[in-house]
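>>> Predicted coordinates and the sequence they were generated for:
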Amino acid sequence: MAEVKLRALGLREVDFGDFDRYLTVLTEDGRKVEILCKNARRGKKQNPAARQFCYSEFVLSERRGRYTLREADFVHSFFPLSQDIERYALACYLAEVAAALTTPDEDNPAICRLLLHALYALEGKKREPALVKAAFEWRVMAESGYAPDLSDCGVCGNVIEQPPVYFSVRAGTAADEKCARRVGGYARLADSTLRALVHVLTCEAGKTYAFALTGPAREQFCRMAEDYVQYHLGRGFDSLQFYRSVALPETGRRDKPSAP
């Protein structure tokens, strides 16, 4: 067996057999890896660094593409998230989205950085959960090849030089007012929604969540982000239902997505 060392964030745990556990992790280079943790549920054999939402240094045994845990040491534990049900539920959703967008074979380090910054933002309680969620949704889709085009009109191809700007979740493109009215399916973006979108899509990863938004623009920004993920990935997320069930009213919980 070969020895493999890597740094990774625990995304999901699944108990196996009487004492074992499978831990799905996101490596710092953006690969999704499944690790068998033998005797992980047996007394002194438990390793707290090999758990969900722990960012750790792992030493693994690898054989034919399968990994077994040898050692794990903390880099950072996001354990405080488990003490706030809303933020923990949101972290589970962000982890599920990240898992859906990564594979064992392709590197995408931006996704790991983006998720870590989101968890730090939730842990620190300095950012509103709903805005962390929406910012992550927009940026992770962009980093995964689903970036919305806000600069050129998706209908006529011309540069949109000034507001108002319209946007279609389904098309993933913006449109000027004339074209939007002509073809339909585009919703007008509030000016502050547009500014927030541009910030989230173009800033350094560490500044993704460093913004504020209120009122109708905040609701639009959050609603479109969730719809964008579900429409372009063609699926829902069980953890999103969990998050909606525990989220406070001001986080903009909705029962059904709707894509303009």
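Nice, thanks for sending it over.
>>> wouldn't residue 186 be in contact with residue 177 here?
No - Residue 186 lies out of contact with residue 177 (CB atoms under 8 Å); the separation is 9.1 Å. C-beta here means a position set from N, CA and C on the backbone, and glycine is covered the same way.
>>> Helices of the stretch 151-260 of the chain, residue ranges please.
Assigned by DSSP state H, counting those that start in this stretch, the stretch 151-260 of the chain shows helices spanning 177-183, 191-202, 215-233, 238-246.
>>> how about the lowest-mean-pLDDT helix or strand in the chain: buried residues?
Ranked by mean pLDDT, DSSP states H and E, the weakest helix or strand in the chain is strand 149-153, scoring a mean of 93. The neighbour-count check on strand 149-153 (16 or more other CB atoms under 10 Å) flags 150, 153 as buried.
>>> got the angle for it vs helix 191-202?
Per axes from the mean of the first three to the mean of the last three CA atoms, to 10 degrees, the angle that strand 149-153 makes with helix 191-202 is 110 degrees.
>>> picking that back up, so which of the helices of the stretch 151-260 of the chain comes closest to residue 60?
Residue 60 lies closest to helix 238-246 among those, at 26.1 Å (CB to CB).
>>> packing partners for the closest one?
Contacts defined by 3 or more CB pairs under 8 Å, 6 or more residues apart in numbering; DSSP states H and E place helix 238-246 against helix 85-100.
>>> so what secondary structure elements neighbour the helix it packs on?
Secondary elements touching helix 85-100 (3+ CB pairs under 8 Å, 6+ apart): strand 2-16, strand 20-27, helix 109-124, helix 129-141, helix 238-246.
>>> Could you identify which of the helices of the stretch 151-260 of the chain is most buried?
A comparison of the helices of the stretch 151-260 of the chain by mean neighbour count, using mean count of other CB atoms under 10 Å, puts helix 215-233 on top with a mean of 20.
>>> what does that one rub up against?
Here helix 215-233 makes contact (CB atoms under 8 Å, 6 or more residues apart in numbering) with 97, 100-101, 130-131, 133-135, 137-138, 141, 146, 148, 167, 169-170, 172, 187, 189-193, 196-197, 213, 236-237, 240, 252, 254, 257-260.
>>> Contacts for stretch 78-88 next, please.
With CB under 8 Å, 6+ apart as the test, stretch 78-88 has contacts from 53-55, 91, 119, 122-123, 125, 129, 243, 246-248, 251.
>>> again, 7 Å this time
53, 91, 119, 122, 123, 129, 246, 247, 248 (CB atoms under 7 Å, 6 or more residues apart in numbering).
>>> Do you know the pLDDT at the residue nearest to residue 20 when sequence neighbours are not counted?
Among residues not flanking residue 20 along the chain, residue 38 sits closest, at 5.3 Å (CB to CB, 6 or more residues apart in numbering). At residue 38, the predicted lDDT confidence score is 92.
>>> Wait, residue 38 touches residue 21, no?
No - Residue 38 lies out of contact with residue 21 (CB atoms under 7 Å); the separation is 8.6 Å.
>>> neighbour count winner among these two?
When neighbours are counted by other CB atoms under 10 Å, residue 38 and residue 21 differ, and residue 21 comes out ahead with 20 against 15.
>>> Now that one: closest residue in space, sequence neighbours ignored.
Nearest non-adjacent residue to residue 21, counting by CB to CB, 6+ apart: residue 40, 3.9 Å away.
>>> residue contacts, that neighbour?
Listed by CB under 7 Å, 6+ apart, the contact partners of residue 40 are 20, 21, 46, 47, 50.
>>> what's the burial count for the last one?
Other residues within reach of residue 50 by the criterion other CB under 10 Å amount to 23.
>>> give me phi/psi at it?
Main-chain torsions, residue 50, degrees, to the nearest 10: phi -110, psi 60.
>>> Give the ranges of residues in this protein that sit below the confidence cut-off.
In the predicted model, the chain carries pLDDT under 70 at residues 45, 250-260.
>>> who's in contact with the most centrally placed residue in it?
The centre of the chain sits closest to residue 94, judged by CA atoms, centre = their mean, with a distance of 3.8 Å. Neighbouring residues of residue 94 by CB under 7 Å, 6+ apart: 115, 118, 136.
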